[in-house]
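1. this one's structure only:
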């Protein structure tokens, strides 16, 4: 082995070990001085604090681990909502930016330039402290379509009350699996015999019919519960029944999706522009219909460019959802790295768990992305 | 004379279609305009829904009538091509035009007509519009945070001096151009640091760190004359030696006395804030994250396994966690890792944390540029007998960095937009100051004005940055 190659590596390693050793030695001394012992045992202790919005049953008598789960689920909830809306807005705006209509193109461009040049935190504050505060009080709220109530205390929407929900879910899953099989079969048939099957209409039919059947045959039953106004005291009103989306969730999801959508729009634009004109012309010249050109030639190539950066944006959105702490939406950072840390004082354990959670999420997605990239990469001879 | 067929207008009878179409289109815009600016509803005699959609219908018919291909009129063709290619586009164009007309009056009245500009208390703001008096009163705080009013000239002077020193590069003659990189990478940051520490913070003239800076500068200057064979070992040993010599042998007694001189009033970093803090934090993070990111990207592509995997681990760690948890770590967890008597200032901790965080992103961007270079460039450089550093400095990096200008600019933009997050550790830059001002009992209820103001400020900064990076990209674009 070459001396010139070993020395820098050895030096780097020594420096890294020294830094880590220095830190862990100090941490040990500091913790001894404060009388704390390192360990994750506190997770099973009673948390004795309340969280105002939770997807699973939770109150002060549950453990810290349960509080962690509450925070994690809230983070996932706002991320999923954000991702769905960001994708919809992003795709629409991205396509609008490619429009031949000057006004539409300009409007989309102004939207993109404006929203992506303003810090996300500022946007969250804007929606939460300025825009949503201008909403009416519950008793003065005008119903939208008679059932939705947008008030300063949150967005009240009708909820479904289910009977035999599990059968319904099974039917949906069965429909999805059936669709996948139809797709595989259709592809095989096309490859072997050159006959096309109307996959889309069959899939939509399956996805509608199977869940519908579960209503008639499986004993599934759903009723809609509409929120009704209720007086709490002389001046305080609220809505009872239905589902309440707190203003924190709304403003966070709104800001996240509007902000991330600008980046997704740019990804979409770059992807569609990345498909060369010759591809479309070649496809048209061998007799494909405009729909087939889009479906079989343009989209597969555009998606190859669009999907990797878009997944990155999804990841960014998930990480950015931690800004929830600024407006007191009980996400992982606020519940766990905020309240739980204040109560237990276990800075190292809690911050490390929080970071590890996000890290696991990111690394899982990036491993998946690498795999996907390899799979769709054009194989050159 | 051909018969008029209003369902499919054509080039015959062009003017009949044109005049009727344009008059209908103008009528529709006029209806909306009158409705929105003067709240006049000319069509109120019609039933509600029809009256509401009437401008849309009239405009749609008007646009349909003037949709004539190759009419020979330049103006008409321009309109048709840009906003009126088919029915769907015409409808969307109309909707956008109407939305703009509808939104101008409320915006105008909120921003200017009904807004209050004068006054210095809440009572001055009685109108329904914006209360710009609020911004005016708090403007000083939004710019300088809690920094004492009498001392604010120090911030202004430092910024002007730094902007001037930074702009020197534009006026450099050809002869000095080759030293510019050295100037910007090493000398300018040191000057900037001295300004901030000595001037804005009001620290003592000489402090321990300055020995280190002097040692670094001296060793770099000597370094130019050392044969490249020994350079690596030289840079490992000499700076430390000079540092020790300076501190304990040559100047010890004299400088320790000098070091106690303090020319300006000390302003602790907790009092810094507002837009100036945004600039300070972004500026230093920008300076630090670039070299760190550069070395990380080289490390990740190195063939030395230990360096490679340490770089990968470092990059993936910082890229995998949200900035807010990094700041949490720097404020609650990091003090646990230091010896008890050692204290690092909040602002310094934040700058280190953000720099390391953004460095990981910069590293990935630069790696993209390095990967995009064809192998031939490496081989050619090696065949000329260049070593690793020479090859990278003179052949690889100039090309790779040119390729990644947009990516780097995006990362820097993200950095500027991330600075408001330092509220986590209790530092209040402009967004933090807004939140503070919003809760002031004398100025309740002006959140909207504050956020609009900050949005405009950030938009101007970020938009200017992105446009500048675009110009840079065009300037350095070379045909390959």
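-> Sure, I can see it. All values reported here derive from a predicted model rather than from experimental measurement.

2. All the helices of the stretch 1-150 of chain A, in order from the start?
-> Under the criterion DSSP state H, counting those that start in this stretch, helices of the stretch 1-150 of chain A are mapped to A:3-34, A:64-97, A:102-116, A:120-125.

3. Show me the shaky parts of the stretch 1-150 of chain B.
-> Counting by pLDDT under 70, the stretch 1-150 of chain B has low-confidence residues at B:1-4.

4. Alongside chain A, which residues does it contribute?
-> Within reach of chain A by CB under 8 Å from any CB of the partner chain, the stretch 1-150 of chain B has these residues: B:81, B:82, B:83, B:85, B:89, B:92, B:93, B:96, B:97. Backbone N, C-alpha and C define where each C-beta goes, glycine included.

5. now these in CSV, with distance to residue A:131, neighbour count and secondary structure?
-> Formatted as CSV, the residues of the stretch 1-150 of chain B next to chain A follow (distance: CB to CB, whole Å; neighbours: other CB atoms under 10 Å in any protein chain shown; DSSP: H, G, I helix; E, B strand; the rest coil):
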residue, distance to residue A:131, neighbour count, secondary structure
B:81, 38, 13, helix
B:82, 33, 16, helix
B:83, 31, 20, helix
B:85, 36, 16, coil
B:89, 31, 21, helix
B:92, 26, 17, helix
B:93, 28, 22, helix
B:96, 22, 17, helix
B:97, 25, 18, helix
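
6. pLDDT weak spots in chain A?
-> For chain A, the stretches with pLDDT under 70 are A:1, A:146, A:377-381.

7. can you list the domain ranges for it.
-> A:3-37, A:64-158+A:226-376 (automatic domain parsing).

8. distance between the ends of the last one?
-> The first and final residues of domain A:64-158+A:226-376 sit 43 Å from each other (CA to CA, to the nearest Å).

9. With stretch B:101-120 instead?
-> End-to-end distance of stretch B:101-120 (CA to CA): 34 Å.

10. Is residue B:129 in a helix, a strand, or coil?
-> coil (DSSP: H, G, I helix; E, B strand; the rest coil).

11. tell me the contacts of the residue lying closest to it once chain neighbours are set aside?
-> The shortest distance from residue B:129 to any residue other than its chain neighbours is 3.0 Å, reached at residue B:114 (CB to CB, 6 or more residues apart in numbering or on different chains). If you count contacts by CB atoms under 8 Å, 6 or more residues apart in numbering or on different chains, residue B:114 has them with B:127, B:128, B:129, B:130.

12. and the third one, what does it touch?
-> Pointing back at residue B:129 there. Contact analysis of residue B:129 by CB under 8 Å, 6+ apart lists B:109, B:110, B:111, B:112, B:113, B:114, B:115, B:116.

13. Just the buried ones among those, please.
-> If you count burial by 16 or more other CB atoms under 10 Å in any protein chain shown, the buried members of the contacts of residue B:129 come out as B:110, B:115, B:116.

14. Any chance of these in CSV with secondary structure and distance to residue A:176 as columns?
-> Putting those into CSV (DSSP: H, G, I helix; E, B strand; the rest coil; distance: CB to CB, whole Å) gives the following:
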residue, secondary structure, distance to residue A:176
B:110, helix, 49
B:115, coil, 55
B:116, strand, 58
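
15. Confirm for me that residue B:152 is in contact with residue B:144.
-> Yes - contact between residue B:152 and residue B:144 holds when scored by CB atoms under 8 Å: they sit 5.2 Å apart.

16. show me where the stretch 301-450 of chain B has strands.
-> Using DSSP state E, counting those that start in this stretch, the strands of the stretch 301-450 of chain B run over residues B:428-429.

17. So which bits of it are right by chain A?
-> Contact residues, the stretch 301-450 of chain B versus chain A (CB under 8 Å from any CB): B:304-307, B:310, B:316-317, B:319-325, B:328-329, B:332-333, B:336-340, B:413, B:416-421, B:423-424, B:431, B:434-435, B:438, B:447-448.

18. Could I get the contacting residues of the nearest residue to residue B:306 once chain neighbours are set aside?
-> In this structure, residue B:306 finds its nearest non-sequential neighbour in residue A:9, 4.1 Å apart by CB to CB, 6+ apart. Residue A:9 makes contact with B:304, B:305, B:306, B:307 under the criterion CB under 8 Å, 6+ apart.

19. quick check, nearest of the residues you listed to residue B:356?
-> residue B:307 (17.3 Å; CB to CB).

20. Quick check: pLDDT value at that closest one.
-> With respect to pLDDT, residue B:307 scores 90.

21. go on, residue B:230?
-> On pLDDT, residue B:230 comes in at 64.

22. repeat for residue B:252
-> pLDDT, read off for residue B:252, is 56.

23. can you check residue B:212 too?
-> Residue B:212 carries a pLDDT value of 67.

24. ranges for the helices of the stretch 351-480 of chain B?
-> Along the stretch 351-480 of chain B, the segments classed as helices by DSSP H, counting those that start in this stretch run B:375-383, B:388-391, B:397-403, B:405-418, B:430-438, B:447-475.

25. tell me the angle the longest one makes with helix B:405-418.
-> Between the axes of helix B:447-475 and helix B:405-418, defined by axes from the mean of the first three to the mean of the last three CA atoms, to 10 degrees, the angle is 160 degrees.

26. Give me the buried positions along helix B:447-475.
-> Neighbour-count burial for helix B:447-475, counted by 16+ other CB under 10 Å, picks out B:447-455, B:457-459, B:461-463, B:465-466, B:469.

27. Can you check what angle separates that helix from helix B:430-438?
-> Using the same axes, to 10 degrees: helix B:447-475 against helix B:430-438 is 170 degrees.

28. what distance separates helix B:447-475 from the centre of its chain?
-> Computed by CA atoms, centre = their mean, to the nearest Å, the separation of helix B:447-475 from the middle of its chain amounts to 6 Å.

29. Give me the mean pLDDT for that helix.
-> Averaging pLDDT along helix B:447-475 yields 89.

30. ok, now the fifth one?
-> Helix B:430-438 shows an average pLDDT of 87 in the prediction.

31. And that helix, what does it pack against?
-> The contact analysis (3 or more CB pairs under 8 Å, 6 or more residues apart in numbering or on different chains; DSSP states H and E) places helix B:430-438 against helix A:120-125, helix B:132-144, helix B:274-300, helix B:447-475.

32. at 6 Å what do you get?
-> Packed against helix B:430-438 by the contact rule (3 or more CB pairs under 6 Å, 6 or more residues apart in numbering or on different chains; DSSP states H and E) you find helix B:132-144, helix B:274-300, helix B:447-475.

33. domain assignment for chain B?
-> If you go by automatic domain parsing, chain B breaks into B:14-113, B:137-147+B:267-475, B:204-261.

34. and residue B:40, how many neighbours?
-> Residues contacting residue B:40 under the criterion other CB atoms under 10 Å in any protein chain shown number 11.
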